[in-house]
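Peer 1: Everything below, folded, please.
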Amino acid sequence: MIRIAICEDEKWFSQILEKKIKTYLFQEGFDIHIDCYENGQEMISVYLHNKNCFDVIFLDIMMPKINGLEVAKKIRIYDKEVILIFLTSKNEEVYRVFQFNTFRFIRKKYFEQEFFEMLQALVKVLHERVNKFIFSTKEGLIKLSVTEILYFELVNRNVEVQTFLNRYRLCITVFKEIADSFTRKGFVNIYRGKLVNVRYIKEIQKNQIKLDNEEVLTVSRYCMPNVKKIFFEGLTATKNQSF
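Peer 2: Purely as a prediction, here's the structure:
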């Protein structure tokens, strides 16, 4: 799952952004979640409690109390990889944003043409980031996309990955490495040492989930509330992906 944040003090404009982003990226095949914030302090607070929590951030430069440039400066302390896209109605601000390794700068006066061009470029970058992962196995290297993986499982101190067609034993022995990387890509813990791709949860039962391949997995009582939350958020987002 691609996690996106919009930090914009004008709520009406934030809603337009959210709708356009969801529609375009959904059509490109991405599973996304968007959080909206009305001031920079909220954005900073999120990073203080949950570092590296977003893949893309849209930042308005002109906001009350703390502006977008100050927010970007603080975010870069915690996250060097997040894609930063600035929005502003003041053209002269363009030269100030690139110190933060900025992906794009969108002028609100030219929003339609610059926003569409940015989305096209963003899709290419996101595909590069999320499409393929190289894993080392005892048989050699394998390359898998997020959409090929059903789940990861810790079995006798070995991390195994289950796809629709095969099961591989990885050379990774620390399950936390997988959990830290893939919980941001649409995977959810269902049990200690078991991480499932939310895309392929077909239904939720009392204490189990059924996957698209008809496999049934047990969910711990502790994990079930979060599994339900993420599953139903995905359903809601899918229904709302239209202008």
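Peer 1: C-alpha from now on. contacts and neighbour counts both.
Peer 2: Noted.
Peer 1: any idea how far stretch 135-148 is from the chain center?
Peer 2: Taking C-alpha atoms, centre = their mean, to the nearest Å, the mean C-alpha location of stretch 135-148 is offset from the chain mean by 21 Å.
Peer 1: average pLDDT across that stretch?
Peer 2: Mean per-residue pLDDT for stretch 135-148: 85.
Peer 1: cool, and stretch 96-109?
Peer 2: Stretch 96-109 comes out at a mean pLDDT of 83.
Peer 1: Give me the distance between the two termini of that stretch.
Peer 2: Using C-alpha to C-alpha, to the nearest Å, the end-to-end distance of stretch 96-109 comes to 18 Å.
Peer 1: So which bits of that stretch are buried?
Peer 2: Using 16 or more other C-alpha atoms under 10 Å as the burial criterion, the residues of stretch 96-109 that qualify are 97, 103-108.
Peer 1: How about stretch 181-197?
Peer 2: Neighbour-count burial for stretch 181-197, with 16+ other C-alpha under 10 Å as criterion, is recorded at 182-191, 193-197.
Peer 1: ok, now how distant is Lys19 from Ile134?
Peer 2: In this view, Lys19 and Ile134 are 33 Å apart by C-alpha to C-alpha.
Peer 1: so what's Gln241 scoring on pLDDT?
Peer 2: 37.
Peer 1: Who has more neighbours out of Lys19 and Ile134?
Peer 2: Lys19 (15 against 10; other C-alpha atoms under 10 Å).
Peer 1: and the strand or helix carrying that one, what other elements does it pack with?
Peer 2: Element membership for Lys19 (DSSP states H and E) is helix 11-27. Using 3 or more C-alpha pairs under 8 Å, 6 or more residues apart in numbering; DSSP states H and E as the contact test, the elements touching helix 11-27 are strand 2-7, strand 32-37, helix 111-130.
Peer 1: returning to that earlier point: out of the buried residues of stretch 181-197, flag the one nearest to Ile4.
Peer 2: Arg184 (10.9 Å; C-alpha to C-alpha).
Peer 1: Is there a neighbour count for the closest residue to the closest one other than its chain neighbours? I'd like the number.
Peer 2: In space, not counting the residues next to it along the chain, Arg184 is nearest to Met1; the distance is 6.2 Å by C-alpha to C-alpha, 6 or more residues apart in numbering. Around Met1 there are 20 other residues, counting by other C-alpha under 10 Å.
Peer 1: same question, the one 5 residues further on
Peer 2: When neighbours are defined as other C-alpha under 10 Å, Ile6 has 22 of them.
Peer 1: same thing with Glu81?
Peer 2: Using other C-alpha under 10 Å, Glu81 has 12 neighbouring residues.
Peer 1: can you map out the helices along this structure?
Peer 2: In the chain, helices defined by DSSP state H lie at 11-27, 40-49, 68-78, 111-130, 175-182, 224-239, listed in chain order.
Peer 1: mean confidence score for the second one?
Peer 2: Taken as a whole, helix 40-49 has an average pLDDT of 86.
Peer 1: Quick check: which helices or strands does it pack against?
Peer 2: The elements that helix 40-49 packs onto, with contact taken as 3+ C-alpha pairs under 8 Å, 6+ apart, are helix 68-78.
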